[in-house]
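Asks: Fold the following, please.
(4 chains)
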Number of protein chains: 2
Amino acid sequence: MVRRNASLAQQITLELLADIKDGRIGRDGGALASENELSQRFQVSRATVRDALSKLELAGVVVRRQGVGTFVNPRASHQAAAIQGWADEANSFMEMIRSAGHQAEAVVLEVQVHPAGHIAALLEIPAASPVLAIEKVFLASATPAIHCINVVPLSLVEASFIEQAAALFEAAESPYQFLARCCHRHVHHQQSEIRATAADERLGRLLRCTAGAPLLQVEEIGYTADLQPVFYAMNHFSGDVVTFRQVRQPVLSIDRLSPNATAATSE
Amino acid sequence: MVRRNASLAQQITLELLADIKDGRIGRDGGALASENELSQRFQVSRATVRDALSKLELAGVVVRRQGVGTFVNPRASHQAAAIQGWADEANSFMEMIRSAGHQAEAVVLEVQVHPAGHIAALLEIPAASPVLAIEKVFLASATPAIHCINVVPLSLVEASFIEQAAALFEAAESPYQFLARCCHRHVHHQQSEIRATAADERLGRLLRCTAGAPLLQVEEIGYTADLQPVFYAMNHFSGDVVTFRQVRQPVLSIDRLSPNATAATSE
DNA sequence: AAGTGGTCTAGACCACCAT
DNA sequence: TGGTGGTCTAGACCACTTA
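Replies: Next up, the predicted model:
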């Protein structure tokens, strides 16, 4: 149950999360123990407990109310039919689909090495520089749900893996895994652009929808901690099977005016 | 410059953000001062500085590298043409469009009171219960960019405002503002579902695209801190003008394996 | 008034990276 | 080895809600 090399806060986060998911605490929006109680139970400082709770709050799992307590968000789709989380809890589409209760299957359409071309600028490499590209379709209970193309600069692959790069890329569950194992790179964050597009003839065939059907398009660039772009992805989601859910809270919001207060700004 | 009623951390966050946006620090991915330096400069503890930096990191404005320093993310679209942030920094579409460098204009198509109908379940009110609904189109530099329908249960509106509810709803810059002023409710977080849909004839006319054109659909429910649903929104975005950008970092990710490490889990 | 979460401090030690 | 960010502590006080 306890993980080595994980911070105390992280361990507590996961422990509480498991308790919530299994319904041991906070059923139907019930309250968690107070921060003081938790800090005693886990034998850590209150700051550490708060750290753990903050992560759960950020993920939308719990809601904190000053002066009242911390409550489980009953609408957090722990077991929802729709796919949520999206790179929060799940790092691969396989996990996403599985956690949505579907049987997940990945079909690799093609793995090839070709010049970066128009992706070069996004990966900050020369256009003629070779990249490793894989094209997949993910099935959720046998229904095509996601089409994706993942691209990694070949120059990142370690010399010892370069011969079998295509095979390893194909075998990996996700580009993150491949990058970690074969490129010694860890994706620190991603920048995404989300659009709606119409399926072309080919995508329509692959995702079993008519050409012109609206698809959710997510274009992503993954960066390491030192801001080097290390992978590119173009994903298309068939709307019927997959729904994106997201819990949003203000992060940098400037005005948190109290009710009726009009001016709270001074020079 | 300094805001009353704002926490020290929040003040520092905003100060650093302004410095970054104006290019006074961290140009082209440069480093910020170290946490110790900042804590001395602002005369606060290092924990408070870390609090402030964490918010900037969460917003994708800076990147922190252990053992190295904190750096400005040069790709954070502070002044990008595309609309980003999305309820992080901007709480209204007007602000979103303006911060994207466009001239923002809102056209109200209709304000009316009608039974909740199919929205009732989402707002957790009876289907016959009346709701206040407003339909708007937002223009970015005279081009239709966003169509939105906002719905608030009429029962939430304070008695003293109920006569002019429709007018106030129409005048408010955002449903958040209206809820705060006229309902004494503050939206604590929102749950969104993102899909791609095809424009129907009416939406096509309003957003100046052909019927069947793909549109990004964002359906949102806003909740107060005590988990009461207080507003519903159905938004459609015309893809050409508005692009969603998002910086994503793992929140609850379980495996942060070090390179080459395979098993880091013990029982 | 009592209990909750929110903020802040001063200090400690660790893991990581550069040199 | 020195400096950086990452984690953690023990304690304090504040703001808010509820009774």
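Asks: what residues are up against the spatially closest residue to A:Asp200 that is not a sequence neighbour?
Replies: In space, not counting the residues next to it along the chain, A:Asp200 is nearest to A:Ala211; the distance is 6.1 Å by CB to CB, 6 or more residues apart in numbering or on different chains. Heads up, the C-betas are built off the backbone N, CA and C, glycines and all. Contact criterion CB atoms under 8 Å, 6 or more residues apart in numbering or on different chains gives A:Ala198, A:Ala199, A:Asp200, A:Glu201, A:Leu203, A:Gly204 as the residues in contact with A:Ala211.
Asks: run the last query once more with 10 Å
Replies: The neighbours of A:Ala211, taking CB atoms under 10 Å, 6 or more residues apart in numbering or on different chains as the test, are A:Ala198, A:Ala199, A:Asp200, A:Glu201, A:Arg202, A:Leu203, A:Gly204, A:Arg205.
Asks: wait, which of those residues is closest to DNA strand D?
Replies: A:Leu203 (39.5 Å; CB to the nearest atom of the strand).
Asks: packing partners for the host helix or strand of the closest one?
Replies: Secondary structure here is read from DSSP states H and E; on that basis A:Leu203 sits in helix A:201-206. Judged by 3 or more CB pairs under 10 Å, 6 or more residues apart in numbering or on different chains; DSSP states H and E, the packing partners of helix A:201-206 are strand A:130-140, strand A:143-153, strand A:214-223.
Asks: Any chance of JSON lines for the ones you listed, columns distance to DNA strand C?
Replies: Compiled in JSON lines, the helices and strands packed on helix A:201-206 are given as follows (distance: least, CB to the nearest atom of the strand, whole Å):
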{"stretch": "strand A:130-140", "distance to DNA strand C": "24"}
{"stretch": "strand A:143-153", "distance to DNA strand C": "20"}
{"stretch": "strand A:214-223", "distance to DNA strand C": "15"}
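Asks: With distance to DNA strand D, mean neighbour count and mean pLDDT added, can I get those strands in TSV?
Replies: Converted to TSV, these look like this (distance: least, CB to the nearest atom of the strand, whole Å; neighbours: other CB atoms under 10 Å in any protein chain shown; pLDDT from 0 to 100):
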stretch	distance to DNA strand D	mean neighbour count	mean pLDDT
strand A:130-140	30	21	94
strand A:143-153	25	22	94
strand A:214-223	15	22	91
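Asks: Which one, of the ones you listed, ends up nearest to chain B?
Replies: Closest approach to chain B among the helices and strands packed on helix A:201-206 (CB to the nearest CB): strand A:214-223, 3.8 Å.
Asks: following the closest one, which helix or strand shows up next?
Replies: Moving toward the C-terminus from strand A:214-223, the next helix or strand (DSSP H and E) is strand A:229-237.
Asks: Tell me the neighbouring strands of that following strand, and mark each as parallel or antiparallel.
Replies: Strand A:229-237 has these partner strands in its sheet, going by DSSP bridges: strand A:143-153 (antiparallel), strand A:214-223 (antiparallel).
Asks: list the helices and strands the following helix or strand past that strand packs on?
Replies: Once the chain leaves strand A:229-237, the next helix or strand it forms, by DSSP H and E, is strand A:244-248. Here strand A:244-248 touches strand B:189-198, strand B:214-223, going by 3+ CB pairs under 10 Å, 6+ apart.
Asks: Keeping just the C-alphas, turn strand A:244-248 into CSV.
Replies: The C-alpha atoms that make up strand A:244-248 are tabulated as CSV, following Å, rounded to 0.1, in the frame of the first residue of the first chain:
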residue,chain,number,x,y,z
PHE,A,244,-14.1,15.1,-21.9
ARG,A,245,-14.9,16.2,-18.4
GLN,A,246,-13.0,18.8,-16.5
VAL,A,247,-13.3,20.4,-13.2
ARG,A,248,-12.2,24.0,-13.3
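Asks: Direction included, what does that strand pair against?
Replies: Strand A:244-248 pairs in its sheet with strand B:189-198 (antiparallel), by DSSP bridges.
Asks: how far does the strand it pairs with sit from the chain's center?
Replies: For strand B:189-198, the distance from its own C-alpha centre to the chain's C-alpha centre is 13 Å (CA atoms, centre = their mean, to the nearest Å).
Asks: And that strand, what's buried?
Replies: In terms of neighbour count (16 or more other CB atoms under 10 Å in any protein chain shown), strand B:189-198 has its buried residues at B:His189, B:Gln190, B:Gln191, B:Ser192, B:Ile194, B:Arg195, B:Ala196, B:Thr197, B:Ala198.
Asks: that older thread, mean confidence (pLDDT) on the helix holding A:Leu203, please.
Replies: Along helix A:201-206, the predicted local confidence has a mean pLDDT of 95.
Asks: which bits of chain A sit near DNA strand C?
Replies: Where proximity means CB under 7 Å from any atom of the strand, the interface of chain A facing DNA strand C comprises A:32, A:34-37, A:46-47, A:50, A:64-70.
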